[in-house]
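J.: 3D, please:
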Amino acid sequence: MRWGALVACLLIAGQVWAVQPDEVLSDPALEARARAISKELRCPICQSENIDESNAGVARDLRLVVRERLVAGDTDRQVVDFVVARYGEYVLFRPQFSLGNAVLWLAGPLFLLLGLVISVGFIRNRATPAKPQALSATEQERLAKLLEKD
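T.: Have a look, this model is predicted:
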C-alpha cells in the first residue's frame, strides 16, 4: 500500500510542468504545437531546461510569445525563427549546422579522435618492452668485481 502511494506520488510529480493554466490555449492542436516548440527552446536563464519546464520569468514570456505567434497564424518554423532572431541560436537545443558554429559541432568528435590516437600510441609504447642491450667490456669488468666481493 505504501509503495503504491509512493509510486503514484512520483508519477504525478514527474508530470508537473511550468506552464501555468492561464497560458494554455483553448485550441488543443495549437496547444500541442506550442508545447512541442517550447520543448525545443532552451531557457536563457536556466540553460539546461527547456522553456516548457522552466519557472523563470523569461521562460514564461517566451512561452507566451510562442503562443501569440501561433495564434497569429505563424508556422512552427516562423515561431522558432522569431525567437532565434531575438535571442540567438543559443536558445535552440539543436542548432543548425553552419560555418559559424562548425567548430562547436566538430570539436567533440575531433577531440575524441585525438584522445583515441594518443591512447593507442601510449598503450603501444608501454606494451613494447625495451630490448636488453649487452653490457660493454667496462661494465662487464665492473660487474665481475662487484660479484667477487660477495
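J.: going forward, measure contacts between C-alpha atoms and count neighbours the same way
T.: Noted.
J.: distance from the chain centre to the helix or strand containing A85, please.
T.: In this structure, A85 sits in helix 76-87 according to DSSP states H and E. Centroid separation between helix 76-87 and its chain, computed with CA atoms, centre = their mean, to the nearest Å, is 22 Å.
J.: next secondary structure element downstream of that helix?
T.: Where DSSP H and E defines the elements, the next helix or strand beyond helix 76-87 is helix 102-127.
J.: ends of stretch 125-137, what's the gap?
T.: Across stretch 125-137, the terminal residues are separated by 30 Å (CA to CA, to the nearest Å).
J.: what pLDDT, on average, does that stretch get?
T.: Across stretch 125-137, the average pLDDT comes to 81.
J.: list the buried residues of that stretch.
T.: Residues of stretch 125-137 include none that count as buried (16 or more other CA atoms under 10 Å).
J.: before we move on, what about stretch 99-114?
T.: Buried residues in stretch 99-114 (16+ other CA under 10 Å): none.
J.: burial count for V117?
T.: Counted by other CA atoms under 10 Å, the residues lying close to V117 total 12.
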